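Visitor: curious how this folds, go ahead:
(chains A and B)
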Amino acid sequence: MTGQPGRPKDQPDRPAPPAGVREPRADRPERVRVTAPRSKAPLAPGRYSVSRELAEQSEVGEIFIRSLIRSQLRLALVVAGGFGVILAGVPVLMLLFPRINDITVFTVPLPWLLLGVGIYPVILVSAGLYNRAAARNERRFRQLVDDERIARPGWPGGAE
Amino acid sequence: MSPAVGLAALAAVCAATVLIGVYGLRISRTTGDFYVASRTVRPWWNASAIGGEYLSAASFLGVAGLILVSGIDALWFPIGYTAGYLMLLLFVAAPLRRSGAYTIPDFAAARLDSRPARTVTSLLVVIVGWLYIVPQLHGAALTVRITTGLPGWVGAAAVVVVVVLSVVTGGMRSITFVQAFQYWLKLTALAVPVIFVLLALGSTSQPITDGGAVFHSDLDVSDEASLYRNISLITALLFGTLGLPHVLVRFYTNPDGPSARRTTVIVLGLLSLFYIFPTLYGVLGRIYTPDLATGGQADATVLLLPARIFDGAAGDLLSALVIAGAFAAFLSTTSGLVVSLAGVVSQDLFRGSVRGFRWAAVLSAVVPLAVALATDSLALAGSVGTVFAFTASTICPLLLLGIWWRGLTDAGAIAGMVTGAVLCGAAVMLAAFAGSALGRFEELLAQPAAWSVPVAFVVTIAVSKLTASRRPLTVARVMARLHSPEHHHPAPRTVGR
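Guide: Numbers count the residues shown, from 1 in each chain, chains lettered A, B, ... in the order given. From the prediction side, this is the model:
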């Protein structure tokens, strides 16, 4: 969003007055034009990271980004694949060993327990592991970028 | 159970929803607040809100109904609904938040740098949203008809009026509060009655599982599901969640990528906790409400079970609680969908103004109301499953390939989305109208996800490769934006001087 905090609420769809027609009053935040469609507005406000700046503007940054994307994708595929194998394992078990239905805990057959309750902790553990590993990949990327910047003072985000 | 109980519960939920909406209005000040709560929502609030929005009529009523009808095969539905969020976490959550786009069409436009791709995506998002609202309204109609004796359309109309009121006055900020409240209401509304039911059954030594007999497939009313059907269903649910418009819009209210991931993990916990309870209702229903399965009203299991166990005031009170929870489910999912649809429609038709957003909200709710009134309710979980299949065949390839593959072009994305939409839509329609005349093809057509999703992916990739010259020049920048992490501490800008 291009809106700034504290901007007055009344009719935010009215365009900003052209520059120079009237000076914005000092006690009031400057009016910001909200554009539509959103694609024409600047994207992604907020924290603008140095690593992103570097990645967008240099060849080495591009290489770093590619390797980050590859490692994140590999991680996601590994977690999804592992989960898929466990998920598919339950019906395969039921197919191979039909007697599994005779195993009961408090009268509840094992397949019901696995599908009704047991799979959810697996989902949660997968999510937790992924989250930690994804953050680790990003930390490593930031570290790489910082090292590169120190090594080459002339780079964006480095010395001015 | 007297009709007054149902009416009181409905009135209370509607009043609470509108009140919270109005309270939220006083905090929602700027256009930024209005659309996405200015991205100031904390992970726990946000996760509760996502849970509140996501747990729809299909989860609240449909899962128990399906367990009643088809036994263990029904357990795949809640697994798919939850694991879909795992896929969202793995492949979409953080990059999508970093894209900074507000809607899926915004993402398409930013990633592909293409106006036509944006338009096609907008159209699909609106179709998906409308299709998804219809079962919610069917659920509301069923609830009102069964619990109050009033005609069903009253329920559907009440949901639309309350949703439009709260969305139009409060926008996204208040909706976040409303949705978060709805999750905990839904959980309480399912958990408390079933716990009382279990205690009562235990203390009077009435059967709970009937020595395991409830789990036996002899009690199933429907035929055993084939392997193909289960695979297709899981494909639809796993990949359909990625593209649900009301789910994605929530991710923009996270401040950054890592918090989008944290939010998703909390959502997974909330969903896992929730689905224990519909499952319990379904299992108990196999002993205490089997008449609903044969009478074609299985979706009412959750609503009627408490009154079958408890007489008098206790039964009334617990029934009122479940009815309130069910209505909360219809309200929250519908309002989430209306907010995201209104976002898309107002950006493309009304130039993104607040007034345009309000008109778009009205439009987004009234069209599905007309459809819901003209059609009849199938099994709720089943009809929602069809919407997932459609999303998985259309928006999922755009998102997954857009985030992870540089080669995607606008022509490829459009070709894939149109192919997926036509294949999936035609198959489901054909299965619905031609039915058993199709013989063994009926199942292939009724549950198309297992083939329509791969075909959509293949078409997207093939056409992108053929039109490689159309790759947007901005792709490197956009990919860097999607994937590079935020700096949480100020960058050491003096280093290297």
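
Visitor: for the helix or strand hosting B:A372, packing partners?
Guide: For B:A372, the host element (DSSP states H and E) is helix B:354-374. Counting contacts by 3 or more C-beta pairs under 8 Å, 6 or more residues apart in numbering or on different chains; DSSP states H and E, helix B:354-374 is packed against helix B:31-36, helix B:115-148, helix B:152-203, helix B:312-349. C-beta here means a position set from N, CA and C on the backbone, and glycine is covered the same way.

Visitor: tell me the angle the following helix or strand past that helix makes with helix B:312-349.
Guide: Scanning forward in sequence from helix B:354-374 by DSSP H and E, the next helix or strand is helix B:380-404. Relative orientation of helix B:380-404 and helix B:312-349, computed by axes from the mean of the first three to the mean of the last three C-alpha atoms, to 10 degrees: 40 degrees.

Visitor: about what we covered before: same list (the helices and strands packed on helix B:354-374) but as JSON lines, adding distance to B:G385.
Guide: As requested, those are exported to JSON lines (distance: least, C-beta to C-beta, whole Å):
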{"stretch": "helix B:31-36", "distance to B:G385": "29"}
{"stretch": "helix B:115-148", "distance to B:G385": "10"}
{"stretch": "helix B:152-203", "distance to B:G385": "20"}
{"stretch": "helix B:312-349", "distance to B:G385": "15"}
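
Visitor: nearest to chain A, out of those helices?
Guide: helix B:31-36 (3.4 Å; C-beta to the nearest C-beta).

Visitor: please enumerate the helices of chain A.
Guide: A:50-57, A:59-96, A:110-113, A:119-151 (DSSP state H).

Visitor: shouldn't B:I266 be in contact with B:P43?
Guide: Yes. Contact criterion C-beta atoms under 8 Å: B:I266 and B:P43 qualify, at 6.0 Å.

Visitor: give me the common contacts of these two.
Guide: Counting by C-beta atoms under 8 Å, 6 or more residues apart in numbering or on different chains, no residue touches both B:I266 and B:P43.

Visitor: spatially nearest residue to B:T289 (excluding sequence neighbours)?
Guide: B:T301 (5.3 Å; C-beta to C-beta, 6 or more residues apart in numbering or on different chains).

Visitor: helix or strand for that neighbour, which one?
Guide: Element membership of B:T301 [criterion: DSSP H and E] is helix B:301-309.

Visitor: tell me the helices and strands packed up against that helix.
Guide: By 3+ C-beta pairs under 8 Å, 6+ apart, helix B:301-309 packs against helix B:63-70, helix B:115-148, helix B:152-203, helix B:257-288, helix B:312-349.

Visitor: can you put the ones you listed in JSON lines and add mean pLDDT?
Guide: Below are the helices and strands packed on helix B:301-309 laid out as JSON lines (pLDDT from 0 to 100):
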{"stretch": "helix B:63-70", "mean pLDDT": "86"}
{"stretch": "helix B:115-148", "mean pLDDT": "88"}
{"stretch": "helix B:152-203", "mean pLDDT": "80"}
{"stretch": "helix B:257-288", "mean pLDDT": "89"}
{"stretch": "helix B:312-349", "mean pLDDT": "83"}
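
Visitor: which of these sits closest to B:R440?
Guide: Closest of the helices and strands packed on helix B:301-309 to B:R440 is helix B:63-70, at 19.4 Å (criterion: C-beta to C-beta).

Visitor: quick check: B:A415 touching B:I461?
Guide: No. With contact defined as C-beta under 8 Å, B:A415 does not count as touching B:I461 (10.0 Å).

Visitor: so who does B:Y281 touch?
Guide: B:A64, B:I67, B:L190, B:V194, B:T301, B:V302, B:L305.

Visitor: wait, B:L271
Guide: B:L271 touches B:G51, B:Y54, B:L55, B:Y81, B:T82, B:Y85, counting by C-beta under 8 Å, 6+ apart.

Visitor: can you check B:D220 too?
Guide: The contact partners of B:D220, taken as C-beta under 8 Å, 6+ apart, are B:V69, B:S70, B:G71.

Visitor: one more pass at 10 Å, please.
Guide: B:I67, B:L68, B:V69, B:S70, B:G71, B:I72, B:D73, B:A74, B:R286, B:A293 (C-beta atoms under 10 Å, 6 or more residues apart in numbering or on different chains).

Visitor: ok, the third one touching B:T289?
Guide: No. B:V69 is not in contact with B:T289 according to C-beta atoms under 10 Å; the separation is 11.3 Å.

Visitor: which neighbours do those two share?
Guide: Taking C-beta under 10 Å, 6+ apart as the criterion, B:V69 and B:T289 both touch B:G282, B:A298, B:T301.
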